[in-house]
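Enquirer: Got a predicted structure plus its sequence, pasted below:
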There are 4 protein chains.
Amino acid sequence: MTPRKLKVGLIGTGFMGRAHVLGYAAAARTFETAAALELDCVADLTADAAAAAARAFGIPRSTGNWRSLVEDPEIAIVDVTAPTGLHRDMVLEAIAAGKHVYCEKPLAPTAAEALEMAEAAKRAGVTTQVGFNYLANPILRVARGMIAAGDLGEIYSYRGIHAEDYMADSAGPITFRHDPVGGGALGDIGSHALATAEFLLGPVAAVMGDCRTVISERPGADGFPQQVEVDDVSRAFLRFESGVTGGIEANWCATGRTMQHDFEVYGSKGALVFSQERLNELHHFTVDAPTGRRGFRKIEAGPDHPPYGRFCVAPGHQLGFNDLKAIEIAGFAAALAGEVPEPFGFRSGHRIQRLVELIQDSASLGQWVEV
Amino acid sequence: MTPRKLKVGLIGTGFMGRAHVLGYAAAARTFETAAALELDCVADLTADAAAAAARAFGIPRSTGNWRSLVEDPEIAIVDVTAPTGLHRDMVLEAIAAGKHVYCEKPLAPTAAEALEMAEAAKRAGVTTQVGFNYLANPILRVARGMIAAGDLGEIYSYRGIHAEDYMADSAGPITFRHDPVGGGALGDIGSHALATAEFLLGPVAAVMGDCRTVISERPGADGFPQQVEVDDVSRAFLRFESGVTGGIEANWCATGRTMQHDFEVYGSKGALVFSQERLNELHHFTVDAPTGRRGFRKIEAGPDHPPYGRFCVAPGHQLGFNDLKAIEIAGFAAALAGEVPEPFGFRSGHRIQRLVELIQDSASLGQWVEV
Amino acid sequence: MTPRKLKVGLIGTGFMGRAHVLGYAAAARTFETAAALELDCVADLTADAAAAAARAFGIPRSTGNWRSLVEDPEIAIVDVTAPTGLHRDMVLEAIAAGKHVYCEKPLAPTAAEALEMAEAAKRAGVTTQVGFNYLANPILRVARGMIAAGDLGEIYSYRGIHAEDYMADSAGPITFRHDPVGGGALGDIGSHALATAEFLLGPVAAVMGDCRTVISERPGADGFPQQVEVDDVSRAFLRFESGVTGGIEANWCATGRTMQHDFEVYGSKGALVFSQERLNELHHFTVDAPTGRRGFRKIEAGPDHPPYGRFCVAPGHQLGFNDLKAIEIAGFAAALAGEVPEPFGFRSGHRIQRLVELIQDSASLGQWVEV
Amino acid sequence: MTPRKLKVGLIGTGFMGRAHVLGYAAAARTFETAAALELDCVADLTADAAAAAARAFGIPRSTGNWRSLVEDPEIAIVDVTAPTGLHRDMVLEAIAAGKHVYCEKPLAPTAAEALEMAEAAKRAGVTTQVGFNYLANPILRVARGMIAAGDLGEIYSYRGIHAEDYMADSAGPITFRHDPVGGGALGDIGSHALATAEFLLGPVAAVMGDCRTVISERPGADGFPQQVEVDDVSRAFLRFESGVTGGIEANWCATGRTMQHDFEVYGSKGALVFSQERLNELHHFTVDAPTGRRGFRKIEAGPDHPPYGRFCVAPGHQLGFNDLKAIEIAGFAAALAGEVPEPFGFRSGHRIQRLVELIQDSASLGQWVEV
């Protein structure tokens, strides 16, 4: 059977733009689905920049006007990697034009906008995907499967972290990530910690937050010190609907950390420990081991953990960051082909954004807030 | 100069009793102070049990009545390793008899009792020590020194954990550690996490807690299910007097963990990461390293980190748990000789107990509580 | 400037065939060279298999006859991923047809054949590449650069390993890897250990080997036990031309190991420790650190270590196995464009094959052998 | 039953002298045997030095003349921690006086002397012990037990290392460890690697060595450069009597390493990986784990691994270097009481010394040598 070709229009050519381009290329060569996604057009701020990106990325067409891309009848899927503040307009126009939409996280600066986008997508019946790519890690899927299958028994507690150090230098200037609307560490990377927490343990029911600014002033666009209004470090207690409780931390001033997206889950029969710093490893403890032989076992990602085998037939050879994007894209393609349910669509993206805001609210109130 | 001999009476012969015995033996052979502590008498519940312990431990005298030990004029120091509920009476009588007192943690089941003990000691002018032995780790002293010296720059955030799994089995019976007065994971091991946090970063000014029971029933003394009234997992947000914020977790149901007494400190110029699971290592990041050569450096404990060299002249050979007790005891001896200030006395022990209760209070209130 | 397009014909569609396909796709989208390599045709054993691979991999043309691919005037580069025993004929015909050749390792079953191929390529003036892809790891290039720059001072010793467990099961049947001509662990993966050793420390001048068969019989093609004539575990002492000495081990029966491609280099001023099990990390020790602060530093791959930044702008996000192939291919493209010297061509491939045979010879003789 | 008291005379008060003192103190308080070893007298080069050591270590008597200690009828056991060159005379006189002898490793500078000592001890019927204290690690005993029980199946291969960096500085002067008779890295620490190899896998039957001097000159006693005549780095291939083969490395110029006493054992059903750098952990792989759940399991030392429980009732609390000495001493006491066979006596000590010399011989010859 020949897969149905679906042409993709990509908006944005930065860090995540390139990661998407590599993802489409790898996904097309590693996965088999009835929907073949083809990058057909790229939009950037100017026609020249877009044309240069098209050449570099091997994309046939380009445009300096994202609206023309969105309205192009050739395009079936709009892929948005532009700054968060622009997501809403791009996405809503794409949906209005009947396109399926793949949008980088966070879905929108506010939960209200995210909800608007999710509802528009639902009304239009289009398929959506938000780019929480750490969830695409095969080893995370193993973790979720083990928890769901009861391998850990009754879950006792959860601990999650997403810490990096890209804002640890106080001489670093104010950026769009410091925008009081939608900015801050909790929204930027705490959202990953929240997505992983719900991916593993289901919906969060209540939160209590602690949001802190540790670098109170940074150089503004004019070079003069400007007040920082967003959180650098946030912590939250979580109560899941299941009754399980846990804690997370988001920290973009964690000097020395480049990718501390970690979790630990403890249950009556076992435990799982993971760090994105070593993203091809899952550490598993089970009480079923013989006396004196117990311990955390380092499971290395391999072909027994789909879809690792799509990339490499041998265990231990390791996937990289960009491979996770390819898996995410392949999942989106499979959803478009109706082969799997929508993996992490706009409703999920809205949910994470809402949790971010509720944690911020609870921190302001100094009280728990129900979801 | 011949050191002044001070005779010690030890109450209790269990887990910590033996650790103390080994500690005295090692301290006497590794440290030089003007006060030489000698185990002279041991008290247990019965005369026979005490006599057996005396033989096993090489202690000259024994008694089945702790009061006779406390009142014995030969004894200069009373060392209490009995269950927490008995600490107050033993300690107050020892102080009344003019003894210096070394007491295992937690100092008392309640902050009120701990305060009473601390004030009695102060009035009597005796020297005291509470057994938070993880603080005796040379590598922790390195960490504190680096923070104090500004090696990490301005401190941004703190993360602390003490997790073990000795209560993870729901078939495990109710013990004295489940006593509603003074029991629970936060008091038992969260106290270690709090002690380390204050040891490194100074006094805590405000707390917000989340205290959870995850195994709601356990077999009681009669074999029938009994309700558990204490926390199994507790988390807290901390605000230090310095303005730094952090979080801790106490967890005695962390299946698979035997000694996860960990901390991470992040600052503007560097970071420190430690785990008691590998207690001879301190991981240090500094921004002063050359571009492309940065990373966490694994510092291995060695003679450059006093008093490691007292135990071994070669680095990397490693101290064990019991060696930390020897260091604690040597510090107490040095304090008794007036060579150093009281390291972690009853006022500190009271402080930790008070933090435990305030965290519990804040969890009940669902609000931050000032210290 | 528009890069010059060079069409590639790929022979073979197995494990390494797919890795090459992904490599071309990623290389084209991440690197900028004057030579743009385009997969144009794929050859497999039958026309149907080749056509299926062409569809799966997005390659325009296919053929069931590798000779027609090799002779096709459209094709500028022949890429050989067929079994080792077929390399010689394919490569020599490709060279005869004036093609540049990219060939998977090992270059040939015997050093004699490898030499024949290398000399043919030299006479024809074509550019060649052998696929020792671990050498493409940015962090290995950092290691080589540090050694060359004298960061480790005078080199004292070297230790290298390549151990996996894909032959550890004695019930596993005889395969082409057990062919007495060119088979065995030393040739299959010891070759990687040798390539890395010479990549870091320069040419080996003398060897002393120990080659052992630990599973003496395996099921043959007919199901009956067949004698194994090749090594499962080999060790060698190495003396480099520089005078440095070291040791390597090759082991395909290392139960539990999936990718233990490790090395340790010790010098007068520092040391480097690497494991392919965590391929984005390089551990560096320098004596220049302050007293009491020394230790191995975990350097995480990042944009400071080219060409990592081509794949990801953020450090710590990690490259995977297939990314190394993309870097290798990009290096070949750059060599074809005359931008860099031939990275690891047929002369290097021959050299490794020769070392393999000399180690086998020395093991048979029980004596050191000069290279 | 009251244990029989046996008085010990200790010769030497340096690094290992202190470790022994701590070991006796801890052993007496943690183990129960019918033979109670009591340090009664200490000998050093001068009466003053010995008296100072006696005070520091709490030993009743002292002497500046080791012969008077050896001949003292009160003394039942002579413990020799003096430099290796003095071992023979001290030990032979002690044996002549009917004493049991505990001697630090290496037993003697030459295998001939070691044999003389072993045979004298055998003739006299005294009990002996050589201080290869890493063998006392409970986790090593677990490893040996697992291998002996067939948990790893048929053993395929072995890899052992003992590397430190205490001679890595070329400015470091010539010491007694550089004595052409008995000096060098292989004898000093390679002996540990050999002892562990035989402890785990039984007797070695043949060796092939490579012994190298990497720092050819060092400051002599007069400050002028002096030629180094011993090995800094040695490697050996080993063939055990069982037919298993392996390799070891001894290296005292491994810059950055403080205690790399490591081994890896691979078998048909599993594998064990150990590093003395984390001496309380044993990593175990078994093929019996479910598909997709395999991996190396980190077993942490605990009460399930005797005699760990003698030191601490809780797992994960960790033993240190000095605790291993206490276990060794307790084993010697148990042997003296007839409760266990002689653990690692002079015959074993001679065996290790002989292997050292045979490896040196084979390196000189450039050929394998049978044991």
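Expert: Perfect, I can see it now.
Enquirer: All the strands of the stretch 201-350 of chain A, residue numbers only.
Expert: Here the stretch 201-350 of chain A has its strands, by DSSP state E, counting those that start in this stretch, at A:204-212, A:217-219, A:225-227, A:233-240, A:245-251, A:260-267, A:270-275, A:281-286, A:296-300.
Enquirer: so what's the closest residue to chain C within the stretch 51-200 of chain A up against?
Expert: Closest residue of the stretch 51-200 of chain A to chain C, Cβ to the nearest Cβ: A:Phe57 (5.3 Å). (Glycine included, C-beta is placed from N, CA and C.) Shown in contact with A:Phe57 (Cβ atoms under 8 Å, 6 or more residues apart in numbering or on different chains): A:Thr13, A:Arg18, A:Val21, A:Leu39, A:Val42, C:Arg29.
Enquirer: same question, A:Pro138
Expert: Residues near A:Pro138 by Cβ under 8 Å, 6+ apart: A:Ala301, A:His305, A:Pro306, A:Pro307, A:Tyr308, A:Leu319, A:Ile327.
Enquirer: that older thread, I'd like the distance between the residue of the stretch 51-200 of chain A closest to chain C and C:Thr30.
Expert: 9 Å (Cβ to Cβ, to the nearest Å).
Enquirer: so what sits against both of these two?
Expert: Joint contacts of A:Phe57 and C:Thr30 (Cβ under 8 Å, 6+ apart) are A:Arg18.
Enquirer: circling back: just give me the closest of the contacts of A:Pro138 to chain C.
Expert: Proximity of the contacts of A:Pro138 to chain C (Cβ to the nearest Cβ) peaks at A:Leu319, which lies at 4.4 Å.
Enquirer: Hmm, A:Gly309 and the closest one touching each other?
Expert: No. Contact criterion Cβ atoms under 8 Å: A:Leu319 and A:Gly309 do not qualify, at 10.9 Å.
Enquirer: Show me which of those two is the more surrounded one.
Expert: Using other Cβ atoms under 10 Å in any protein chain shown as the criterion, A:Leu319 and A:Gly309 rank with A:Leu319 on top: 28 against 15.
Enquirer: ok now do the residue nearest to the more buried one when sequence neighbours are not counted, which residues does it touch?
Expert: In space, and not counting its chain neighbours, A:Leu319 is closest to C:Gly320: 4.4 Å by Cβ to Cβ, 6 or more residues apart in numbering or on different chains. By Cβ under 8 Å, 6+ apart, C:Gly320 lies in contact with A:Phe311, A:His317, A:Gln318, A:Leu319, A:Gly320, A:Phe321, A:Asn322, A:Asp323.
Enquirer: And C:Gly320, how far from chain B?
Expert: 20 Å (Cβ to the nearest Cβ, to the nearest Å).
Enquirer: Check A:Leu37 too.
Expert: Applying Cβ to the nearest Cβ to A:Leu37 and chain B gives a distance of 36 Å.
Enquirer: Please name the residues that touch the residue most central in space within chain A.
Expert: With distances taken as Cα atoms, centre = their mean, the residue of chain A nearest its centroid is A:Phe132 (1.5 Å). Residues near A:Phe132 by Cβ under 8 Å, 6+ apart: A:Lys105, A:Ser191, A:His192, A:Ala195, A:Phe344, A:Ser348, A:Gly349, A:Ile352.
Enquirer: What degree of burial does A:Gly58 show, as a neighbour count?
Expert: For A:Gly58, using other Cβ under 10 Å, the count is 14.
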